[in-house]
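Q: Got a sequence here, can you build the structure:
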Amino acid sequence: MKRILLFLGIVVAGIDASAAWAGPVRVLGPPESSPSGAVHFFTNFFDFREAVGDLQVNDFETLPDGRASVAFTPITPKFNYTGEGVTFSSPFPELYIGPTPGGGFSLDAQHANTTQRNWIVANFVVPVTAIGIEFPGNTTLSVLDVEGALIATATHPTGGFFPFIGILSDRPISAAIQDRGSSGEIMNEILFAPIPEPTTLLLAGLALVGTVLLHRRI
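A: Numbering: from 1, shown residues only. Below you'll find the model as predicted:
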């Protein structure tokens, strides 16, 4: 994964890894104790991972059909990552797989007119409890609920080694927008935690009951 290779590179260079991962976040949305629900913000991936638990990850190293990524492959409404739990879009034009300086891949949006704004939208197939992104730096992440209302917004104003923003919310997150306010936007990696479907919760509950009954018999 990109973060593992990056971490090794930081260690070799003798740079403090914690300083590389952490960074300031300016909270622009509801505070953590807002009436709309609890929202927690992260700039450290490892803290985010510990707080959230299991995550689905897309680092764009493969295309939606499972093939190895190729730079400048268009990501369209019909050729998208919907099967992996999230559909991406941008206002103009279609997204594409971009090359990263380290030899990996990213999801890129670039407006032909550099005076116009462009951004990346992630619509989740199933609402999620948390989302995190890695990016080249200086961007804003906003998360929306199932009705399209803003839950929270966080801005990471610095660059560095793949800065990170994570948002954990007790209100289900239906979509996220990554927007640096320029003609181009880049997403190096997205991580999210889908809310289990009722069927999954029911099966988990039945499994727990079965385990309890088995122990009682023993």
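Q: Which strand residues bridge residue 122?
A: According to DSSP bridges, the partner residues bridging residue 122 are residue 88, residue 176.
Q: List the contacts of it.
A: By CB atoms under 8 Å, 6 or more residues apart in numbering, the contact set of residue 122 is 86, 87, 88, 131, 175, 176, 177, 178, 190. (Glycine included, C-beta is placed from N, CA and C.)
Q: Kindly recompute the last result at 10 Å.
A: By CB atoms under 10 Å, 6 or more residues apart in numbering, the contact list for residue 122 reads 58, 81, 85-89, 107, 128, 131, 133, 141, 143, 173-178, 187, 190, 192.
Q: same thing with residue 142?
A: Residue 142 touches 28-29, 119, 121, 150-155, 167, 175-179, counting by CB under 10 Å, 6+ apart.
Q: Quick check: pLDDT value at it.
A: In this model, residue 142 is scored at 93, pLDDT.
Q: again with residue 110
A: 94.
Q: oh, and call the first residue 54 from now on, that's how I've got it
A: OK, 54 is where the count begins now, so the last one is residue 163.
Q: which non-adjacent residue is nearest it?
A: Using CB to CB, 6 or more residues apart in numbering and skipping residues adjacent in sequence, the residue nearest residue 163 is residue 237, 4.5 Å away.
Q: so how far is residue 111 from that neighbour?
A: 20 Å (CB to CB, to the nearest Å).
Q: try residue 220
A: Distance from residue 220 to residue 111, by CB to CB: 17 Å.
Q: Kindly report the same for residue 197.
A: Taken as CB to CB, the span from residue 197 to residue 111 is 19 Å.
Q: just residue 221 next, same as before
A: Taking CB to CB, one finds residue 221 at 18 Å from residue 111.
Q: the more surrounded of the two?
A: residue 221 (22 against 19; other CB atoms under 10 Å).
Q: Following the chain past the helix or strand containing the more buried one, name the next helix or strand.
A: Under the criterion of DSSP states H and E, residue 221 resides in strand 217-232. Downstream of strand 217-232, the first helix or strand assigned by DSSP H and E is strand 237-240.
Q: What segments of the chain are strands?
A: In the chain, the segments counted as strands under DSSP state E are 79-80, 92-95, 109-111, 127-128, 139-142, 148-152, 158-163, 173-187, 192-197, 203-209, 217-232, 237-240, 242-247.
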